[in-house]
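> With the input below, show me the fold.
(chains A and B)
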Amino acid sequence: MSKTTAQAPTPQARDSDPPAGRDNSARGRQDRRTGYLLISPTFLIVAVMVVLPILWTFSLAFQQVRLLNLRQTGILGSYSFDNFVAVLTSSGFVDALVTTLIYSVAGTTCAIGLGLVAALALRRSFRGRGLVRAAMLIPYVAPVVAATFVWSTMLNPQFGLVNHYGASLLGWNEPIAFLSSSDPPSFFGLDLHVSTALVTVVLFEGWRSFPFAFLFLTARMQAIPETLEEAALVDGATPTQRFRHIILPQLLPTIAVLTVLRFIWTFNNFDDIFLLTGGGAGTKVVTVRVYDYLINQGDIGAAAAQALVLAAILAVLVGIYLKFFGRSEEVA
Amino acid sequence: MNRDLIERRVLGVLRPVLIVSLLIVTIFPFYYMVMLSFRPLDSVLQEPGALWPSWGEIDFNTYREVLKPTGDGGQGFLTFIKNSLLVAVGTVVLTLIVSIPGAYAVSRLEFFGRRQIGALFLGVYFFPAILLAIPLFVFFTRIGQRGTLTGLLVVYVAQVAAVSIYMLRNYFDTIPASLEEAAAIDGCTRLRAMWHVSLPLAMPAIASNALFVFMIAWNEFLFALLFLVERRDNWTVSLGLSQLAGSIEVPTTVLMAGSVILTLPIILMFFLSERWLAGGLTAGAEKG
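Residues are numbered from 1 along each chain as shown, chains lettered A, B, ... in the order given. From the prediction side, this is the model:
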């Protein structure tokens, strides 16, 4: 596996590692002590600010905690499954889950597809390619608030640029409310059963995350030995054949890793949808629902239960994926 | 004509077309942002399709208005910039203070649980941020620190410390241990060898890591929203822009000026350090 592609999540043994077994020399003992000393600040802050809070979420999810009675609740409260029952049986839950799945799968596909196209298009060297490559990364590094704001302005039905040119160049009869319309979009009579707003946020996700896939795929392509393609060229393979039989198989392990990473992050994404639509018009994903429970309803217990359900579903989905595709990644 | 020739011709045309469209798609929104920030609002409403400002209408007042304090009828972005800078720089400094020794230990020293620590830290990254947000929201509300920049800063450090350690560890791994062994033979202790030998060598990685952490803290939205929303004087630029974007009173062009102020430092930093950072993004992304 090349240095630039993703690796298995556990740190691997390296050549510089000392041999296994305890080194009981004075320096070995001292190293251990120094090691604990040096790692302890990080350990402390991660334990207090990340690990403990995660454990506490479990406690909160089983109690009736609201913002209003927050001061009275402690670790020793009355525990029950009420929050989970309420969250799982509430009307919007299944819809939110389906929306989240559509958003994650479609968003991941868009991002990786666009990233692959970009990586292929910029594969051969030309003047200014470095600059073009850097430009491709801008959507990924730009602040999400600024990116969503400029897109919602461009897509605005009253004075947005997109609707203006849609009307004048493409002959749209009336402006499209890209971010607030619950109607399914009409693509040449194709019925998608999802709202226009959901399609828009998926495309936005593709736009914002493709640089990430582009970066990984470009790095992987640079590691493909040229002799492979030269040999195919000598055998008379056409460009698409070379892509299909030489390049794509080399990229598949990277694509598999990208799929997992992007899927997880899109599934957990809150900012983009919250900022673009606020969760309206058929775009209410589970994370936005958690926020709703927490802030708008002040129901901390329900929010915690909903967040745990989200994490559990994600864990199951990733688990299934790794079970089926895990082997191909090991080959990489 | 054979298939090979046809494909070559088609791809030969398709490739430049694709590159240009990709460039437009990635850059145009940011160009539009800058352009709108210089145009007066009524001209935008009258001519929404204009792709460049007409002569004489270029107007810097949007910037003045967005930066002015609310007392003078502005939007107070100067305060937001100060808050964002405080949080971002504070996060960078604190993160480096904890993660440089941590990364060094994970890379160089054999101690119990060293491998597991890396896995534990990184497992955290696949947790939904919103899940973590709930207990932290409750905790900081209860100790009365929600709404303070310090609370936000501590949360940010905890969030980025693991990725920072991971990136730095990879770099420490590339520095030959023999350099430090030489120093040890000369009588250096571990810590002195780290300070005088490995740390100076790791400076490029530390610098790029600092930029990476700065960008994360500067761009962050969710925790800023949950922690600071009720305290306008403590808003960061991201939060300020998102809160004002919903109101009708503030003209879009003024907020575009705010967007430029939010985006520009990040884009500048990115281009200044592109060479470092492109590697940094993948490195952080591998486990982040």
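> okay, CA-based contacts and neighbour counts for the rest of this
Fine.
> Check the gap between the residue positioned nearest the centre of chain B and B:Leu268 for me.
In chain B, the centroid-proximal residue (CA atoms, centre = their mean) is B:Met215; its distance is 1.7 Å. With distances taken as CA to CA, to the nearest Å, B:Met215 is found 11 Å from B:Leu268.
> repeat for A:Gly160
To B:Leu268, A:Gly160 is 27 Å away according to CA to CA.
> Same check on A:Thr259?
30 Å.
> Which one of these two is surrounded by more residues?
A:Thr259 (19 against 11; other CA atoms under 10 Å in any protein chain shown).
> ok, and the more buried one, which helix or strand is that part of?
Counting by DSSP states H and E, the element that carries A:Thr259 is helix A:248-267.
> And the average pLDDT for that helix is what?
For helix A:248-267, mean pLDDT rounds to 91.
> any residue of that helix up close to chain B?
Yes. Contact of helix A:248-267 with chain B (CA under 8 Å from any CA of the partner chain) involves A:264-265.
> what comes up buried for that helix?
The neighbour-count check on helix A:248-267 (16 or more other CA atoms under 10 Å in any protein chain shown) flags A:250-251, A:253-267 as buried.
> If I look at the closest residue to A:Thr283 other than its chain neighbours, what pLDDT would I see?
Excluding its sequence neighbours, the residue lying closest to A:Thr283 (CA to CA, 6 or more residues apart in numbering or on different chains) is A:Leu198, at 5.3 Å. At A:Leu198, the model reports a pLDDT of 90.
> what do you get for B:Arg275?
62.
> quick one: the helix ranked longest in chain A to chain centroid distance?
Counting residues, the longest helix found in chain A (DSSP state H) is helix A:300-331. Here helix A:300-331 is found 13 Å from its chain centre; the criterion is CA atoms, centre = their mean, to the nearest Å.
> That helix - contacts with which helices or strands?
helix A:52-61, helix A:82-89, helix A:248-267, helix A:286-291, helix B:129-142 (3 or more CA pairs under 8 Å, 6 or more residues apart in numbering or on different chains; DSSP states H and E).
> Put together JSON lines for those helices, with distance to B:Arg39 on each row.
Listed next are these as JSON lines, based on distance: least, CA to CA, whole Å:
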{"stretch": "helix A:52-61", "distance to B:Arg39": "47"}
{"stretch": "helix A:82-89", "distance to B:Arg39": "48"}
{"stretch": "helix A:248-267", "distance to B:Arg39": "35"}
{"stretch": "helix A:286-291", "distance to B:Arg39": "34"}
{"stretch": "helix B:129-142", "distance to B:Arg39": "38"}
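> Could you measure from the residue lying closest to B:Gly240 once chain neighbours are set aside over to B:Gly187?
In this structure, B:Gly240 finds its nearest non-sequential neighbour in B:Phe80, 6.9 Å apart by CA to CA, 6+ apart. To B:Gly187, B:Phe80 is 50 Å away according to CA to CA.
> So the two - more neighbours on which side?
Applying other CA under 10 Å to B:Phe80 and B:Gly187 shows that B:Phe80 carries more neighbours, namely 23 against 11.
> ok, now which ones touch that one?
By CA atoms under 8 Å, 6 or more residues apart in numbering or on different chains, the residues touching B:Phe80 are B:233-237, B:240.
> number of nearby residues for A:Arg244?
Residues contacting A:Arg244 under the criterion other CA under 10 Å number 12.
> any low-confidence regions in the stretch 151-288 of chain B?
Per-residue confidence for the stretch 151-288 of chain B (pLDDT under 70) gives these ranges: B:274-288.
> Output the set of residues of it in proximity to chain A.
By the rule CA under 8 Å from any CA, the part of the stretch 151-288 of chain B lying against chain A is B:154-155, B:157-159, B:161, B:173, B:177, B:190, B:215, B:218-222, B:238-239, B:241-242, B:245, B:252, B:256, B:259-260, B:262-263, B:266-267, B:270-271, B:274, B:278, B:282-283, B:286-287.
> of these, buried ones?
Counted by 16+ other CA under 10 Å, these give B:154-155, B:157-159, B:161, B:173, B:190, B:215, B:218-222, B:238-239, B:241-242, B:245, B:252, B:256, B:259-260, B:262-263, B:266-267, B:270, B:274, B:278, B:282-283, B:286-287 as buried.
> Next step: those residues restricted to helices.
Judged by DSSP H, those include B:154-155, B:157-159, B:161, B:173, B:190, B:215, B:218-219, B:222, B:238-239, B:241-242, B:245, B:252, B:256, B:259-260, B:262-263, B:266-267, B:270, B:274, B:278, B:282-283, B:286-287 as members of helices.
> For chain B, see how far away A:Leu294 is.
As judged by CA to the nearest CA, to the nearest Å, A:Leu294 and chain B stand 7 Å apart.
> Am I right that that residue is in contact with A:Gln306?
No. The criterion here is CA atoms under 8 Å, and A:Leu294 misses it with A:Gln306 at 10.0 Å.
> And the two? Which one has more around it.
Taking other CA under 10 Å, A:Leu294 and A:Gln306 do not tie; A:Gln306 has more neighbours (26 against 23).
> Need the per-residue pLDDT for that one.
Turning to A:Gln306, the model gives it a pLDDT of 90.
> right, and it touches A:Ala86 too?
No. With contact defined as CA under 8 Å, A:Gln306 and A:Ala86 do not form a contacting pair (9.6 Å).
> what about residue 45, how many residues close to it?
Let's take chain A. Using other CA under 10 Å, the number of residues around A:Ile45 comes to 18.
> To clarify, I was referring to chain B.
Other residues lying near B:Leu45 total 12 when counted by other CA under 10 Å.
> per-residue confidence for it?
Per-residue pLDDT puts B:Leu45 at 81.
> ok, now which ones touch the nearest residue to it once chain neighbours are set aside?
Once flanking residues are discounted, B:Leu45 sits nearest to A:Phe159: 5.7 Å by CA to CA, 6+ apart. Counting by CA under 8 Å, 6+ apart, A:Phe159 touches A:153, B:44-45, B:48.
> Only the buried subset of those, as a ChimeraX command please.
Burial among these is assessed by 16+ other CA under 10 Å; the matching ChimeraX selection reads:
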select /A:153 /B:44,48
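> In helices only, show me the contacts of A:Phe159.
Assigned to helices by DSSP H, the following of the contacts of A:Phe159 qualify: A:153, B:44-45.
> picking that back up, where does the residue nearest to A:Thr283 sit, in terms of helix or strand?
Per DSSP H and E: A:Leu198 is located in helix A:196-222.
> Done for today, thanks.
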